[in-house]
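Visitor: give me a 3D structure for the following:
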Amino acid sequence: MKPKIFVDGQEGTTGLKIHERLAGRTDVDVLRIDPGKRKDVEARRALINEADLVFLCLPEAASREAVSLVTNPRTRIIDASTAFRTDSDWTYGIPELNKKQRQFIAASHRVSNPGCHATGFILALYPLIQEGIVPKDYPVTCQSITGYSGGGRKLIAEYESNPSGRDKLEFPRHYALNFSHKHLPEMQKVTGLLYPPIFNPVVADVYSGMAVTVPLESRLLSKKSSAKKVQEVLASYYAAERFVRVLPYEADAYLDDGYFNMAECNNTNRIDLFVFGNDDQMVLLSRLDNLGKGASGAAVQNMNIMLGVDEGLGLE
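Guide: Residues are numbered from 1 along each chain as shown. Just a heads-up that it's a prediction; the model follows:
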């Protein structure tokens, strides 16, 4: 019997993208709620408990409510909100994190899908902390530029349906300047940093794409390492990963006349990791689709692992 899949929040940006990725699949049965009943608690409860696996593509409070509607030990959950990303009872959904994470995801009934900014940050920095290169008390800073689709339907509408305010939207806009961005807790916890990074997100006038930047000073590292050495560490750590590509240290061939294109991973579940710099200073640079590896692609990848099928099924 085919596993039954339900997306609670099917009209949201991530929910729609998950449906797109599942549309050609013949190995699962996708359940759908009547659009007129998508806020009907009893209708949702019935579908949640009928499904073998449920994607929650909801705001945090609604995700918590949805989990409370599960009345059987069989239904498995992948939550795309921030509700459970630092909850020790939930499994964090980055399969590439370490050698055991896939096993944890495969066995789990509760998986929290990571945030898009957090994915780029963690995959770049986590190996360097694990290898003892970056100390846990390093004063980490991070800037992340993202397409506006990461803000969901409201921000998409602001950019695409607001001609009178278009002038102010043409330029990149810094936000979360009070250092309370919702991805910060998972960025700190999963990497093991003793202090939260100074995180500066920026939204740009493009639909999707993301570039996450983490600068490092060699003199502050636990093990003095050049940019070339750091690239080698990342390349070795992710050598067997199909969705994580570590670009060569001499990466000018992957630039566009010296400029970095943050959209190269769009419409894929891939993340590209770069290291630029020299013996004294370097920058880690992650590139991903905020709706792909940063959201729906990662969710489907986790689903595949939980169902025991090819991890890359329906993904590219």
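Visitor: any idea which helix or strand comes after the longest helix along the chain?
Guide: What stands out as the longest helix in the chain, according to DSSP state H, is helix 116-130. Where DSSP states H and E defines the elements, the next helix or strand beyond helix 116-130 is strand 141-147.
Visitor: remind me what that following strand packs against, helices and strands.
Guide: For strand 141-147, the elements it packs on are helix 116-130, strand 198-204, strand 210-217, judged by 3 or more CB pairs under 8 Å, 6 or more residues apart in numbering; DSSP states H and E. Any C-beta I mention is one placed from the backbone N, CA and C, and that applies to glycine too.
Visitor: closest to Ser180 out of the ones you listed?
Guide: Taking CB to CB, strand 198-204 is the member of the helices and strands packed on strand 141-147 nearest to Ser180, at 9.6 Å.
Visitor: quick one: mean pLDDT over that closest one.
Guide: The average of the pLDDT scores along strand 198-204 is 97.
Visitor: okay, buried residues for that strand please.
Guide: Neighbour counts over strand 198-204 (16 or more other CB atoms under 10 Å) mark 199-201, 203-204 as buried.
Visitor: name the nearest of these relative to Ile129.
Guide: Scanning the buried residues of strand 198-204 for proximity to Ile129, where the rule is CB to CB, the winner is Phe199, at 16.4 Å.
Visitor: got any ranges where the protein has weak pLDDT?
Guide: Scanning the chain for pLDDT under 70 picks out 165.
Visitor: could you list the domains of it?
Guide: Split into domains by automatic domain parsing, the chain comes to 4-114+294-307, 116-290.
Visitor: TSV for those, including distance to Glu316?
Guide: Converted to TSV, the domains of the chain look like this (distance: least, CB to CB, whole Å):
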stretch	distance to Glu316
domain 4-114+294-307	9
domain 116-290	5
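Visitor: figure out which of those is closest to Leu315.
Guide: Comparing these by CB to CB, domain 116-290 comes nearest, at 4.2 Å.
Visitor: wait, what's in contact with Tyr159?
Guide: 148, 169, 205 (CB atoms under 8 Å, 6 or more residues apart in numbering).
Visitor: which ones are touching Pro95?
Guide: Per CB under 8 Å, 6+ apart, neighbours of Pro95: 101-102, 105, 301-302, 305, 311.
Visitor: all strands of the stretch 1-150 of the chain, in order?
Guide: Taking DSSP state E, counting those that start in this stretch as the test, the strands found in the stretch 1-150 of the chain are 4-8, 29-31, 53-56, 76-79, 91-92, 110-112, 141-147.
Visitor: helices and strands around the second one, which ones?
Guide: Of the remaining helices and strands, those touching strand 29-31 by 3+ CB pairs under 8 Å, 6+ apart are strand 4-8.
Visitor: give me that answer again for 10 Å
Guide: Applying 3 or more CB pairs under 10 Å, 6 or more residues apart in numbering; DSSP states H and E, one finds that strand 29-31 contacts strand 4-8, helix 13-22, helix 41-50.
Visitor: most tightly surrounded among the ones you listed?
Guide: strand 4-8 (a mean of 23; mean count of other CB atoms under 10 Å).
Visitor: okay, the angle between that strand and helix 41-50?
Guide: 150 degrees (axes from the mean of the first three to the mean of the last three CA atoms, to 10 degrees).
Visitor: report the angle between strand 4-8 and helix 13-22.
Guide: Angle, strand 4-8 to helix 13-22, by the same axes, to 10 degrees: 160 degrees.
Visitor: can you list the strands that strand 4-8 pairs with?
Guide: Listed by DSSP bridges, the sheet partners of strand 4-8 and their directions read strand 29-31 (parallel), strand 53-56 (parallel).
Visitor: in CSV: those strands, plus distance to Glu96 and mean neighbour count.
Guide: Below are the strands paired with strand 4-8 laid out as CSV (distance: least, CB to CB, whole Å; neighbours: other CB atoms under 10 Å):
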stretch, distance to Glu96, mean neighbour count
strand 29-31, 26, 17
strand 53-56, 20, 26
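Visitor: turn these into CSV, including distance to Ala253.
Guide: What follows is the strands paired with strand 4-8, written out as CSV (distance: least, CB to CB, whole Å):
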stretch, distance to Ala253
strand 29-31, 41
strand 53-56, 38
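Visitor: tell me how far Ala118 lies from His109.
Guide: The spacing between Ala118 and His109, counted by CB to CB, to the nearest Å, is 22 Å.
Visitor: who has more neighbours, the two?
Guide: Neighbour count, other CB atoms under 10 Å: between Ala118 and His109, Ala118 has more, with 29 against 15.
Visitor: got a ChimeraX select line for the buried ones in the contacts of Tyr159?
Guide: Buried subset of the contacts of Tyr159, written as a ChimeraX selection, criterion 16+ other CB under 10 Å:
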select :148,169
